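Trainee: predicted model and sequence follow; I will ask about them next.
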Amino acid sequence: MTTPMTPEKPIHFVDLVADPMLIAKLKERGIEVPTPIQAKAIPPFLEGKNVVALAQTGSGKTLAFGLPIIEKVDPADPACQALILAPTRELAVQISQVFWDVRPDTLADVRVIPVYGGSPKDLQRDSMRQGRQVIVATPGRLIDFIWDGDISFDKIKIVILDEADRMLEMGFIDDIEFILSCFRHKVQFGLFSATMPPPIRKIIEKHVSDPQYIQLQQLAVDKPKINQTCYAVSSHDKFKTLLRVMQGKRDTTLIFCRSRIGVDRLASQLNQAGHRAAAIHGGKEQDHRDRILRGFKRGNPYILVATDLASRGLHIDDVARVINYDVPLEPEDYVHRIGRTGRAGKTGEAVTIATPSETKLVERIERLTGEHLLDSKSHGAKPRFEPHPKSPHR
C-alpha cells in the first residue's frame, strides 16, 4: 500500500521574520506569502551570511534584503548602517519606497534616503547629516559624497548590490570596485543579479567571503502570467500595427524604444493619434521624470514610452502590457523589459513589433526564453516577412 505524500506546508512571513509589528505591516499591505527568492534569501541574511542571489526582475528581491535590514539596523543609532547600491535613480527611489511602505510604526526611526544624481546635492547632504540608517545610492552620486567627506562607512554593517549586471552594463564596475575598497572592516554582503557575467563573479571572489548562492530559474519568463506575441511587419507598417494593438485600450502600457529621439518621436505620434502618452529617458530632468511616473501610476498618461532606462528601475504593479516597439539589441533586455508586466500575481501582455532587419534579434530572444515568437500571427499588417532561413520555426 502506497502512503500518500503529505503536501508541503506553505511558508509565510511569520516563519521568516521575528518582529510581529513587521509581520502585521506586511499583512496590512496584503503581503503574507513570500516569493521564492524571499523564502530562500531571508533566513541566511538574518543569520548574518553573505548572499549571492540570481533572480529575474520582478521576483521580489527588494523585500528579500529589505526585511532583514529592517530587523538588523539599530533605530537608536542615527549613523548609516546599511548601504544599498542601485544602477538608476528610479530603482533607488523604488527601493526606498518599499522600505517606507513596510516599515512598522514602531520602527519609524529607521530612516531611509535615496541618493542619486540629477537632484540637488545640498538637500541630500543635509538629509544624511540628520541621520539615515539606510542609504540607497547610485554609484556616481555616492562617490561624490565620498570625495567630499560627507559620508562615513564606519558603522555600515550591510552592503547590497542590486541589479549588479545592470551596473556592469552601465559602466559602473570601476565605481563599484572603488566603493567596496573604502570598507576597512568586515560587512555582511548581498548581491542580486539576473545574470552572472565574469566581472561580477570577480567582484564576488575578491570581496565576498564564503557566500551562499541562491539561484532561481534564471531569466525565465513566467509563462502563465505573461502572454507573449510578436507581429512581423514591414518598417512602413510598424506604427500602424502599434495603433491596431492599442485600439480601444486605455490601460497602462509601457512601450520601449532604443533611442531618446525615438522615444520622443513615438510619444508625439501617439498623442497626435488621440492617445495620452508621455516620454521618459535619461535626457529628461529628474523632476519631470518623477512627475510623469506619478501620473503613469495613476493612469494619466496611460502610455509611457521609454528607453531601457526604465526596464529595471520601475516597479508598477498594474502595467497591463509592455510593447517592444524596437526589438532590444540584447535578449536579456527583452526579459527585463517584459518583466514590468505580469507582476503581483496578475496576467500581463508582452507585444513585440519586429521588422525584417530585427529578425535575428528576435531569434536570439527565442533561444534565450524558449518562446516561439516568430510563429505569432501578424496583426493584420502586410506584408509579413518570413523568418530568417536559419530560424528553427521554418
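Mentor: That came through, no problem.
Trainee: drop to CA atoms for contacts and neighbour counts, all remaining ones
Mentor: Will do.
Trainee: where does the prediction get shaky in the stretch 251-394 of the chain?
Mentor: 309-315, 317, 344-345, 375-394 (pLDDT under 70).
Trainee: if we go to 90?
Mentor: 280-295, 297-299, 307-319, 329-348, 364, 366-394 (pLDDT under 90).
Trainee: contacts only, for the nearest residue to K40 once chain neighbours are set aside.
Mentor: Nearest residue to K40, sequence neighbours excluded (Cα to Cα, 6 or more residues apart in numbering): I214, at 7.1 Å. Counting by Cα atoms under 8 Å, 6 or more residues apart in numbering, I214 touches I37, K40, A41, V51, V52, A53, L54.
Trainee: just P114 next, same as before
Mentor: Per Cα under 8 Å, 6+ apart, neighbours of P114: A92, V93, S96, I135, V136, A137.
Trainee: for it, which three-state class applies?
Mentor: strand (DSSP: H, G, I helix; E, B strand; the rest coil).
Trainee: so which of the contacts of I214 are in strands?
Mentor: V51, V52, A53, L54 (DSSP state E).
Trainee: just curious, which of the contacts of I214 is nearest to E330?
Mentor: E330 lies nearest to L54 out of the contacts of I214, by Cα to Cα, at 18.4 Å.
Trainee: enumerate every residue touching that closest one.
Mentor: Taking Cα under 8 Å, 6+ apart, one finds F192, S193, A194, T195, M196, Y213, I214, Q215, L216, Q218 in contact with L54.
Trainee: if you set the cut-off to 6 Å instead, what comes out?
Mentor: By Cα atoms under 6 Å, 6 or more residues apart in numbering, L54 lies in contact with F192, S193, A194, Q215.
Trainee: could you single out the nearest of those to H336?
Mentor: Among those, and counting by Cα to Cα, the member closest to H336 is A194, at 8.8 Å.
Trainee: can you pull the contacts of the closest one?
Mentor: A194 neighbours (Cα under 6 Å, 6+ apart): L54, A55, Q56.
Trainee: from L361, how far off is it?
Mentor: For A194, the distance to L361 equals 20 Å [Cα to Cα, to the nearest Å].
Trainee: if we can go back for a sec, between the contacts of P114, which is closest to I292?
Mentor: Among the contacts of P114, and counting by Cα to Cα, the member closest to I292 is V93, at 14.2 Å.
Trainee: what's the closest non-adjacent residue to the closest one?
Mentor: P114 (5.7 Å).
Trainee: any idea of the pLDDT on the one you found?
Mentor: Listed pLDDT for P114 reads 93.
Trainee: can you name the residues bridging to it?
Mentor: V136 (DSSP bridges).
Trainee: run the chain-centre distance for the one helix or strand L67 maps to.
Mentor: For L67, the host element (DSSP states H and E) is helix 61-72. From the chain centre to the centre of helix 61-72 is a distance of 16 Å (Cα atoms, centre = their mean, to the nearest Å).
Trainee: who are the packing partners of that helix?
Mentor: helix 36-46 (3 or more Cα pairs under 6 Å, 6 or more residues apart in numbering; DSSP states H and E).
Trainee: pull out the buried positions in the helix it packs on.
Mentor: Neighbour counts over helix 36-46 (16 or more other Cα atoms under 10 Å) mark I37, Q38, A39, K40, A41, I42, P43, F45, L46 as buried.
Trainee: now do stretch 280-289
Mentor: For stretch 280-289, by 16+ other Cα under 10 Å, it's I280, H281, G282, Q286, R289.
Trainee: what's the end-to-end length of that stretch?
Mentor: So stretch 280-289: terminal residues 6 Å apart, Cα to Cα.
Trainee: ok now it, how far from the chain's centre?
Mentor: The answer for stretch 280-289 is 18 Å, by Cα atoms, centre = their mean.
Trainee: any residues touching it, and which ones?
Mentor: Here stretch 280-289 has contacts from G118, A306, T307, using Cα under 6 Å, 6+ apart.
Trainee: and the second one, how many neighbours?
Mentor: This points to A306. Applying other Cα atoms under 10 Å, we find 25 residues neighbouring A306.
Trainee: picking that back up, would TSV of the buried residues of stretch 280-289 with distance to I176 and secondary structure be doable?
Mentor: Below are the buried residues of stretch 280-289 laid out as TSV (distance: Cα to Cα, whole Å; DSSP: H, G, I helix; E, B strand; the rest coil):
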residue	distance to I176	secondary structure
I280	26	strand
H281	24	coil
G282	21	coil
Q286	23	helix
R289	26	helix
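Trainee: any idea of the pLDDT on G58?
Mentor: G58 is given a pLDDT of 68.
Trainee: would you mind giving the secondary structure of A278?
Mentor: strand.
Trainee: I meant to write I214 there.
Mentor: strand.
Trainee: partners of it in the sheet?
Mentor: Here I214, judged by DSSP bridges, has bridge partners A53.
Trainee: against F153, how distant is F183?
Mentor: 7 Å.
Trainee: more neighbours: the two, which one.
Mentor: More neighbours surround F153 than the other of F183 and F153, with 17 against 14 (other Cα under 10 Å).
Trainee: tell me how many other residues crowd D318.
Mentor: 20.
Trainee: for G339, see how far away it is.
Mentor: Taken as Cα to Cα, the span from D318 to G339 is 12 Å.
Trainee: next: L361.
Mentor: From L361 to G339 the distance is 18 Å (Cα to Cα).
Trainee: neighbour count winner among these two?
Mentor: Counted by other Cα under 10 Å, L361 and G339 do not tie: G339 has more neighbours, with 28 against 16.
Trainee: torsion angles phi and psi at that one?
Mentor: Note on G339: backbone dihedrals following degrees, to the nearest 10 are phi -70, psi -10.
Trainee: next one: the one 3 residues further on
Mentor: Note on G342: its backbone torsions stand at phi 70, psi 30 [degrees, to the nearest 10].
Trainee: ok, and the closest non-adjacent residue to it?
Mentor: G348 (3.9 Å).
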